[in-house]
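Q: Dropping a prediction and its sequence here:
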Amino acid sequence: MTTTTWDSVYDRCAAGYDPHVGHFAVLGYRLVDLVDPLPGERVLDVAAGRGACLFPAAERVGPAGAVHGVDLSEGMVAQLAADIAGRGTANATAARMDAQALTVAEGSYDRVLCAFALFLMPDPGSAARGFLRALRPGGRCGVSVPVEQLMPGDRAAMSDLFRSVALRAGPAAARRPDFDMNAGGLLAEAGFTGVRVVEEESAFVFADTAAWWEWTWTTGFRAFYERLPADLLEEFRERAFALLEPAVTREGLRATARTRFAVGTRPGGPGM
């Protein structure tokens, strides 16, 4: 595997996405809170996944509003559509669409959301400009990116383990997405005004090391695992468990993540 096709990776993640700690659900709710959609508004949720932002946004806009979730992964779209139907969320839909080439009418949304996806895209600037076009004047966009991924135990030791195993596997495994990207600058360059950036640390608790391992397979970590030969993957698992077992307490295995949220406005609204 010489390149990462993220939509296919997330196709394989979709069925069991984000079990155990609800990491994306918690941070999705926080992004919606910052963007603050109002009753009756139209929201576009880009790279919607399993609805971490979509469902809280649908609650905010109510039956008079609408939330349209789009994702490049067919597997995610199918799972999200089933989730929407299962929950009876009548004001939400799911469709397949490329975040870097949105096929929505200009100015057709009041809010645009994009959680934990820009850093995976080959051209995040193009995506951000598409978010701007999708919004009405005065409409608001919110994005989130990881500054530090959710990691349990001794972060430095775990990072060293990932790095050493990746180097042994070769250049393909050593490549990583652009964590800690300047999301606020990206929105400003796309034409958003009044950009606000917030960084927050969040804590989550896994039941044990096995729960953490299962969770990683339903996230972008999976792309790293799939680049490793079987023997090196097993060695990585054994060494990771050896590092993490001492960190398990009666409450479980604590993990922390640091997230950057950026919110901006399309110019031209009332009073602008």
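A: Received, thanks.

Q: Quick check: which helices or strands does the helix or strand that contains residue 79 pack against?
A: Residue 79 belongs to helix 74-87 when assigned by DSSP states H and E. For helix 74-87, the packing partners by 3 or more Cβ pairs under 8 Å, 6 or more residues apart in numbering; DSSP states H and E come out as helix 6-13, helix 54-61, strand 66-71, strand 92-96. Backbone N, C-alpha and C define where each C-beta goes, glycine included.

Q: Only C-alpha atoms, please: export the second one in PDB.
A: Output for helix 54-61, consisting of C-alpha atoms alone and laid out as PDB, is shown next (Å, rounded to 0.1, in the frame of the first residue of the first chain):
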ATOM      1  CA  LEU A  54     -25.100  15.700  12.600                       C
ATOM      2  CA  PHE A  55     -27.300  14.400  15.400                       C
ATOM      3  CA  PRO A  56     -26.600  17.300  17.900                       C
ATOM      4  CA  ALA A  57     -27.000  19.800  15.100                       C
ATOM      5  CA  ALA A  58     -30.300  18.200  14.100                       C
ATOM      6  CA  GLU A  59     -31.500  18.600  17.700                       C
ATOM      7  CA  ARG A  60     -30.500  22.300  17.600                       C
ATOM      8  CA  VAL A  61     -32.200  23.200  14.400                       C
END
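
Q: and that helix, what does it pack onto?
A: Packed on helix 54-61, when contacts are counted by 3+ Cβ pairs under 8 Å, 6+ apart, are helix 23-35, strand 42-46, strand 66-71, helix 74-87, strand 92-96.

Q: And those: which comes nearest residue 107?
A: In terms of Cβ to Cβ, the element of the helices and strands packed on helix 54-61 nearest to residue 107 is strand 42-46, at 10.5 Å.

Q: strands paired with that closest one, and their directions?
A: Taking DSSP bridges as the criterion, strand 42-46 sits next to strand 66-71 (parallel), strand 109-115 (parallel) in its sheet.

Q: Name the residues that touch the longest one?
A: Right, the one you point to is strand 109-115. In this structure, residues lying in contact with strand 109-115 by Cβ atoms under 8 Å, 6 or more residues apart in numbering are 24, 27-28, 31-32, 35, 37-38, 41-47, 49, 52-53, 57, 68, 99, 127, 131, 134-136, 139-144.

Q: Wait, a strand at residue 129?
A: No. With DSSP: H, G, I helix; E, B strand; the rest coil as the criterion, residue 129 is assigned helix and is not in a strand.

Q: In this structure it contacts residue 190, no?
A: Yes. Counting by Cβ atoms under 8 Å, residue 129 touches residue 190, with 4.7 Å between them.

Q: low-confidence ranges in the stretch 1-150 of the chain?
A: With pLDDT under 70 as the threshold, the stretch 1-150 of the chain has low-confidence stretches at 1-21.

Q: Show the buried residues in the contacts of strand 109-115.
A: Using 16 or more other Cβ atoms under 10 Å as the burial test, the contacts of strand 109-115 include 24, 27-28, 31-32, 35, 37, 41-47, 49, 52-53, 57, 68, 99, 127, 131, 134-136, 139-144 as buried.

Q: What distance do you get for residue 49 to residue 201?
A: Residue 49 sits 22 Å away from residue 201 when distances are taken as Cβ to Cβ, to the nearest Å.

Q: repeat for residue 48
A: Using Cβ to Cβ, we find residue 48 at a distance of 25 Å from residue 201.
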